[in-house]
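Undergrad: A predicted structure for the sequence below; I have some questions about it.
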Amino acid sequence: MSDYNKLRPTTFDEYVGQTEIKKNLKIAIQAAMERGETLEHILLYGPPGLGKTTLAMVIASELGVDIITTTAPAIAQKKDLAAILTSIEKEGTVLFIDEIHRLSRVVEEMLYSAMEDFVLHIMIGEGAGARPIRIPIPPFTLIGATTRAGKISSPMRDRFGMSFRLDYYGVEELMEILFRSATIMNVELTEGGARAIAERSKGTPRIANRLLKRVRDFAQLRNNNIINEEIALEAFKELGIDELGLTREDREYLTALVHKFNGGPVGIDSISTALNEEKDTVEDVIEPYLMRIGLIQRTQKGRKATAVTYRYMGLPVKGQGELFDGKDS
């Protein structure tokens with residue numbers, strides 16, 4: 001089992017944050033179990049790293065059922081989907097599809113009858129001799145996860161009985177996650193150390209746990225395996241992570257936006273090329289947090305730097321090209 005899987009909670013009590021989502025899911029799960037029915041299909045969406053996969057696993061654990069996990073890119077053809085659906089043996093099994101917005105249209109349409117009627121329609125043979133067959137499959141719960149809910153087609157979205165948007169985490173919630181993770185990792189974590197890590201985790205549990213592991217390396221070699229604020233700040237300096245949690249990649253994005261493109265607006269293709277990064281990586285990994293803290297704006301014409309960007313970079317220019325007088329706007 002990987003280190004990250006060891007840190008994954010398995011129950012709602014262990015799963016920190018997303019309080020309203022957990023409350024609604026607990027009610028839905030209890031009601032479905034009392035009726036002896038399969039839980040409705042669920043769509044989870046939101047920025048990466050907030051716990052969509054973990055939440056799917058918790059749901060399966062709370063239901064006491066098996067879970068099959070896959071990603072949309074792995075289901076390239078109808079036969080791939082057919083192989084997965086026909087492997088379902090027990091009623092109530094959870095099928096988790098990550099990046100579900102990337103399903104091809106033909107695969108998506110094949111999934112409709114499975115979601116609605118729990119049957120699989122496939123064609124046997126080719127040409128004039130081809131004939132359709134209908135294969136029943138045990139009732140199951142599909143949990144789809146995506147960072148781009150807007151790219152899911154309306155027919156697919158309408159087939160989910162429940163839809164939940166996961167929100168960014170607060171510092172206190174991230175500290176709670178970090179203390180739990182530190183216990184599992186057998187490392188001592190002080191409150192100051194936990195807060196320093198949480199404040200630089202971009203509101204994201206995955207980043208918090210990743211930073212905890214990196215700081216642990218420094219603590220192991222330099223501080224008797226104790227993570228306090230001092231060792232955390234030393235580690236972040238070495239790792240190039242600033243007080244806002246911005247990494248070198250984040251700063252390269254802002255530098256390109258301001259210096260290469262004069263603060264924008266600039267299209268995603270141009271800025272991706274300038275950074276030598278995939279467009280999806282820029283849109284899904286780099287930009288969401290920069291937008292959240294007001295360092296960039298997405299407009300119809302493209303990405304733009306803001307006044308906050310120029311203040312952060314120590315430059316005397318506002319995002320709209322006006323001279324910046326040094327006072328907060």
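TA: Structure received. Residues are numbered from 1 along each chain as shown.
Undergrad: model confidence over stretch 41-52, on average?
TA: Here stretch 41-52 scores 94 as its mean pLDDT.
Undergrad: contacting residues around it?
TA: The contact list for stretch 41-52 (C-beta atoms under 8 Å, 6 or more residues apart in numbering) reads 15, 17-18, 25, 55-56, 59, 98, 100, 115, 141-149, 152, 157, 159-169, 204-207, 284-285, 288-289. All C-beta atoms are positioned from the backbone trio N, CA, C, and that covers glycine.
Undergrad: Which positions within that stretch qualify as buried?
TA: In terms of neighbour count (16 or more other C-beta atoms under 10 Å), stretch 41-52 has its buried residues at His41, Ile42, Leu43, Leu44, Tyr45, Gly46, Pro47, Gly49, Leu50, Gly51, Lys52.
Undergrad: now for those, which pair is the farthest apart?
TA: Maximum pairwise distance among those (C-beta to C-beta): 23.3 Å, between His41 and Gly49.
Undergrad: re the thing from before, show me the buried residues of stretch 41-52 that map onto helices.
TA: Lys52 (DSSP state H).
Undergrad: now, which of the buried residues of stretch 41-52 sits nearest Ala235?
TA: For the buried residues of stretch 41-52, the nearest to Ala235 is Gly49 (19.7 Å; C-beta to C-beta).
Undergrad: quick one: the closest one from Ser181, how far?
TA: Using C-beta to C-beta, to the nearest Å, we find Gly49 at a distance of 14 Å from Ser181.
Undergrad: likewise Lys213?
TA: 9 Å.
Undergrad: Those two: who's more crowded?
TA: Each of Lys213 and Ser181 has its neighbours counted (other C-beta atoms under 10 Å); Ser181 has more, 23 against 14.
Undergrad: For whatever helix or strand the more buried one lives in, buried residues please.
TA: Ser181 belongs to helix 171-185 when assigned by DSSP states H and E. Across helix 171-185, burial judged by 16+ other C-beta under 10 Å covers Val171, Glu173, Leu174, Met175, Glu176, Ile177, Leu178, Arg180, Ser181, Ala182, Met185.
Undergrad: From the contact counts, what lies against it?
TA: helix 3-7, strand 188-189, helix 191-199, helix 205-222 (3 or more C-beta pairs under 8 Å, 6 or more residues apart in numbering; DSSP states H and E).
Undergrad: go with 6 Å
TA: Packing partners of helix 171-185 (3 or more C-beta pairs under 6 Å, 6 or more residues apart in numbering; DSSP states H and E): helix 3-7, helix 191-199, helix 205-222.
Undergrad: from the chain's centre, how far out does the longest one sit?
TA: Right, helix 205-222. Distance of helix 205-222 from its chain centroid, counting by C-alpha atoms, centre = their mean, to the nearest Å, is 20 Å.
Undergrad: Run the angle between that helix and helix 191-199 for me.
TA: Angle of helix 205-222 versus helix 191-199, following axes from the mean of the first three to the mean of the last three C-alpha atoms, to 10 degrees, is 140 degrees.
Undergrad: Quick check: phi and psi at the nearest residue to Ile100 once chain neighbours are set aside.
TA: Nearest residue to Ile100 in three dimensions, chain neighbours excluded: Gly144, at 3.6 Å (C-beta to C-beta, 6 or more residues apart in numbering). The phi/psi pair for Gly144 (degrees, to the nearest 10) reads phi -100, psi 140.
Undergrad: can you give me the strands in the chain?
TA: Per DSSP state E, the chain carries strands over the ranges 42-45, 67-71, 94-98, 119-124, 131-136, 141-146, 162-165, 188-189, 226-227, 296-299, 302-305.
Undergrad: re the thing from before, Glu277: which of the helices and strands packed on helix 171-185 is closest?
TA: Between the helices and strands packed on helix 171-185, helix 205-222 lies closest to Glu277; by C-beta to C-beta that is 17.7 Å.
Undergrad: in terms of contact count, name the helices or strands touching the closest one.
TA: Here helix 205-222 touches helix 171-185, strand 226-227, helix 229-239, going by 3+ C-beta pairs under 6 Å, 6+ apart.
Undergrad: tell me the mean pLDDT for the longest one?
TA: Read it as helix 171-185. Averaging pLDDT along helix 171-185 yields 95.
Undergrad: Could I get the CA-only coordinates of it as CSV?
TA: Output of helix 171-185 as CSV, limited to C-alpha atoms (Å, rounded to 0.1, in the frame of the first residue of the first chain):
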residue,chain,number,x,y,z
VAL,A,171,-6.4,26.2,7.9
GLU,A,172,-7.9,24.5,11.0
GLU,A,173,-9.3,21.7,8.9
LEU,A,174,-6.0,21.1,7.2
MET,A,175,-4.3,21.1,10.6
GLU,A,176,-6.6,18.4,11.8
ILE,A,177,-5.7,16.3,8.7
LEU,A,178,-2.0,16.9,9.3
PHE,A,179,-2.1,15.8,12.9
ARG,A,180,-3.9,12.6,11.8
SER,A,181,-1.4,12.0,9.0
ALA,A,182,1.6,12.7,11.3
THR,A,183,0.3,10.1,13.8
ILE,A,184,0.1,7.5,11.0
MET,A,185,3.6,8.5,9.8
